[in-house]
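J.: Got a sequence here, can you model it:
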Amino acid sequence: MEKRYGVTGIILSGGKSARMGRDKAFIEIDGIPIIQRIYNILEKLFNEIIIVTNQKESYESFKAKIVSDLIVNHGALGGLYTGLFFASNSYSFCVACDMPFLKESMIQYLIKQADGFDAIVPRTDDGLQPLHAIYSKSCIPPIKKLIDMGKYKILDFYPLVRIKIIEEPEFINLDRTKESFININTPEDINLIKEIRKSF
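T.: You can find the predicted model right below:
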């Protein structure tokens, strides 16, 4: 299978990491910073990687397009808007900077579902996973519309676009532990993940 898709990989790294007390992107899992783990996976798949951050100096070592929020203080929605704006490709895979266990097979599966849709979003038992999803540049106007209305949630623009939801039974064979969707928010999360991984 061809490894480099005509798709952009967008890493949203603009969060304040308040609950963690330090920048989540650089927390090490198995000795490797989370941001590096994510970058390594995306680099295998995509011909362009964008990191959206308001701390550009921290990411200068990455061979990626480093950009700052075009519209500040709008959280992940503003980050997604910025990433899509700067993306050279029609489609982008968007992920949060605190998700250390991405799987190539899962991402590839989502890409294959993209034709004819503006957003391809997996849904687990926990709900939709908007920060492990595919978006097209056609999402930019509806996102901007929401931002202009003062809204902050990515899910709020879904009714305005052609969305394909990928239900858990469709992808569970690719990630039985669903660890693709695990994100690190607190020091306790790190210890919990270690225990979960030991059981598999």
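
J.: quick one: the strands in this protein?
T.: Ranges of strands in the chain, per DSSP state E, are 5-12, 28-29, 32-33, 46-52, 65-67, 91-96, 119-124, 127-128, 132-136, 163-167.

J.: Which strands or helices does the fifth one pack on?
T.: In other words, strand 65-67. In terms of contacts (3 or more C-beta pairs under 8 Å, 6 or more residues apart in numbering; DSSP states H and E), strand 65-67 is packed against strand 46-52, helix 75-86. For glycine as for every other residue, the C-beta is placed from the backbone atoms N, C-alpha and C.

J.: Export these as JSON lines, with columns for mean pLDDT and distance to S13.
T.: Compiled in JSON lines, these are given as follows (pLDDT from 0 to 100; distance: least, C-beta to C-beta, whole Å):
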{"stretch": "strand 46-52", "mean pLDDT": "96", "distance to S13": "6"}
{"stretch": "helix 75-86", "mean pLDDT": "96", "distance to S13": "8"}
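
J.: which stretch in the strands of the chain has the least confidence?
T.: Taking the average pLDDT of each of these, the minimum falls on strand 28-29, with a mean of 86.

J.: Report the strands that pair with it, each with its relative direction.
T.: Paired neighbours of strand 28-29 in the sheet (DSSP bridges): strand 32-33 (antiparallel).

J.: Name the residues that touch the strand it pairs with?
T.: Here strand 32-33 makes contact (C-beta atoms under 8 Å, 6 or more residues apart in numbering) with 25-27.

J.: For ChimeraX, write the selection for the buried entries among those.
T.: What follows is the ChimeraX syntax selecting those of the contacts of strand 32-33 that are buried according to 16 or more other C-beta atoms under 10 Å:
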select :25,27
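
J.: Please identify which of the contacts of strand 32-33 is nearest to K44.
T.: The shortest separation between K44 and any of these is 19.0 Å, and it belongs to A25 (by C-beta to C-beta).

J.: In CSV: the helices and strands packed on strand 65-67, plus mean neighbour count and distance to D189.
T.: Below are the helices and strands packed on strand 65-67 laid out as CSV (neighbours: other C-beta atoms under 10 Å; distance: least, C-beta to C-beta, whole Å):
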stretch, mean neighbour count, distance to D189
strand 46-52, 22, 22
helix 75-86, 22, 18
